[in-house]
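Asks: From the sequence below, what's the structure:
(one chain, ligands or ions: 2)
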Amino acid sequence: MAIAPDEQELLELEAASATALLDRDDTEAADESLWQQDRATAMSDAQQLSERQKRFAAGPNYPVVFWLVLLHAGALAAPFFFSWEAFAVCIALYWLTGSVGVCLGFHRLLTHGAFKVHQPMRWLLAFIGGLSGEGSALEWVSNHRKHHAHSDHDGDPHSPHDGGLWSHMWWLGWTICGKEYETHVNRWAPDLAKDRVMRWIGYMFLPSHIASGLVLLAVGQLMGGPYMAASMLVWGLFVRLIIVLHVTWFVNSWSHMWGYRTYETADDSRNNWLVAILAFGEGWHNNHHAYPRMAAQGHKWWELDMTYSVIRLMKWTGLAWDVVDYKKIGDRNK
Ligand SMILES: [Zn+2]
Ligand SMILES: [Zn+2]
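Replies: Ligands and ions are numbered 1, 2, ... in the order given. Presented below is the predicted three-dimensional model:
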């Protein structure tokens, strides 16, 4: 079966990644051993600047630091403004922005092309993903593709080899910006970088959060006055964003540190059941590193993957198609 051009482009991108084992079979064992040697050489080279050292040298990214401090500070008000209504909104938006926006949109669709949707749906999912507080799709996808290409190796933006806290959140405070940012996104996400609508959605990052805060305030005010308005803002925006952020970050930290390994990959990725539950299936991270394009990240019957359930629902309703459900390209025609 012919491979569509956009899919071909993605495959080439992943072929450049030493850990992209989607075509893995015995004949590729030699390639992998070369990669292992390369990795060992890089690890033993004390002179080489690590990703952490490079980012430190570039200095802090103050807007990102301010954003993350602001969200955490806002969430501290949670005990003083609790209501069950706002808690329910928090959980619903946690699922919508975390599972549908980040896991399904940013990650499985935009980063890995695990299924196809109409163009307006791509933009909608990028917008919902943007409401997770994790930056634009362009930036997220670039960082994540780079992570797959250099997992736990020099060049990985967030490997626990540079420290557990670094891999969890500290790396974000030093994210590259300015001219380097353009080079970064054009290198790792050329498909999104040339999409003007996708860039515009990225520029809407801060306005969309301010707008969502105002909507939550208005809804709360209408429901029960000033206390409910504050409750909706604190729980629906600040607490929810903190939950989504840390749960996503657990995938980068915990799922590269603790858990079991089903597949021998050239990185330290793990399947971590707690992260899988909290992150709607993304904690089966060793499965994902072994077969990055597979839409399903739970590979055993008991490895619950809530995000994949949404993809199946989208396929059933005709909203998604060409769902990648094979491990090797050779399996596709079976
Ligand atoms: Zn990973
Ligand atoms: Zn991935």
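
Asks: okay, and the helix or strand of the chain with the least pLDDT?
Replies: Of all helical and strand segments in the chain, the minimum by mean pLDDT, DSSP states H and E falls on helix 29-44, at a mean of 46.

Asks: Can you list the residue ranges for helices in the stretch 51-200 of the chain?
Replies: Assigned by DSSP state H, counting those that start in this stretch, the stretch 51-200 of the chain shows helices spanning 51-58, 62-75, 84-93, 119-130, 137-149, 164-168, 179-188, 190-193, 196-203.

Asks: What residues of the longest one count as buried?
Replies: If I follow you right, that is helix 62-75. Residues 67-68, 71, 74-75 are the ones in helix 62-75 that count as buried (16 or more other C-beta atoms under 10 Å). Glycine gets a C-beta too; all of them are placed from N, C-alpha and C.

Asks: what does stretch 286-304 give?
Replies: In stretch 286-304, counting by 16+ other C-beta under 10 Å, buried: 286-299, 303-304.

Asks: Any idea how far apart the tips of it sit?
Replies: End-to-end distance for stretch 286-304, by C-alpha to C-alpha, to the nearest Å: 14 Å.

Asks: With stretch 117-136 instead?
Replies: 19 Å.

Asks: same thing with stretch 282-299?
Replies: Stretch 282-299: ends 12 Å apart by C-alpha to C-alpha.

Asks: What is the helix or strand hosting residue 246 packed up against?
Replies: Here residue 246 sits within helix 240-252, counting by DSSP states H and E. Where contact means 3 or more C-beta pairs under 8 Å, 6 or more residues apart in numbering; DSSP states H and E, helix 240-252 is packed against helix 62-75, helix 84-93, helix 164-168, helix 273-278.

Asks: And the ones you listed: which comes nearest residue 192?
Replies: Nearest of the helices and strands packed on helix 240-252 to residue 192, taken as C-beta to C-beta: helix 62-75 at 19.5 Å.

Asks: which other residues reach the closest one?
Replies: Contact with helix 62-75 is made by 133, 135, 169, 172-173, 175, 177, 234, 237-239, 241-242, 245, as judged by C-beta atoms under 8 Å, 6 or more residues apart in numbering.

Asks: Check those for the minimum pLDDT and say which it is.
Replies: Among the contacts of helix 62-75, residue 177 carries the lowest pLDDT, at 69.

Asks: Name only those of the contacts of helix 62-75 that count as buried.
Replies: 133, 135, 169, 172-173, 175, 177, 234, 237-239, 241-242, 245.

Asks: coming back round to it: list just the one of the helices and strands packed on helix 240-252 that sits closest to residue 310.
Replies: Nearest of those (C-beta to C-beta): helix 84-93, 14.0 Å.

Asks: what's next to that closest one, contact-wise?
Replies: With C-beta under 8 Å, 6+ apart as the criterion, helix 84-93 contacts 131, 216, 220, 223-224, 228, 231-232, 234-236, 239-240, 243.

Asks: in the stretch 51-200 of the chain, which ranges drop under the pLDDT threshold?
Replies: 177 (pLDDT under 70).

Asks: Give me whichever of the helices of the stretch 51-200 of the chain is most buried.
Replies: helix 137-149 (a mean of 23; mean count of other C-beta atoms under 10 Å).

Asks: That helix to helix 119-130, inter-axis angle?
Replies: 80 degrees (axes from the mean of the first three to the mean of the last three C-alpha atoms, to 10 degrees).

Asks: Give me the contact list for helix 137-149.
Replies: Residues contacting helix 137-149 (C-beta under 8 Å, 6+ apart): 13-14, 16-20, 102, 105-107, 110-111, 126, 129-130, 134, 155-158, 175, 181, 184-185, 187-189, 192-193, 198-199, 201-202, 252, 289, 292.

Asks: gap between that helix and the chain center?
Replies: Centroid displacement of helix 137-149 relative to its chain, using C-alpha atoms, centre = their mean, to the nearest Å, is 8 Å.

Asks: rewinding a little: can you lay out the buried residues of helix 62-75 as a markdown table showing distance to residue 144?
Replies: What follows is the buried residues of helix 62-75, written out as a markdown table (distance: C-beta to C-beta, whole Å):
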| residue | distance to residue 144 |
| --- | --- |
| 67 | 19 |
| 68 | 18 |
| 71 | 21 |
| 74 | 26 |
| 75 | 25 |
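
Asks: pull the longest helix from this protein.
Replies: helix 205-224 (DSSP state H).

Asks: mind listing what's buried in that one?
Replies: In helix 205-224, counting by 16+ other C-beta under 10 Å, buried: 205, 209, 212-213, 216-217, 219-220.
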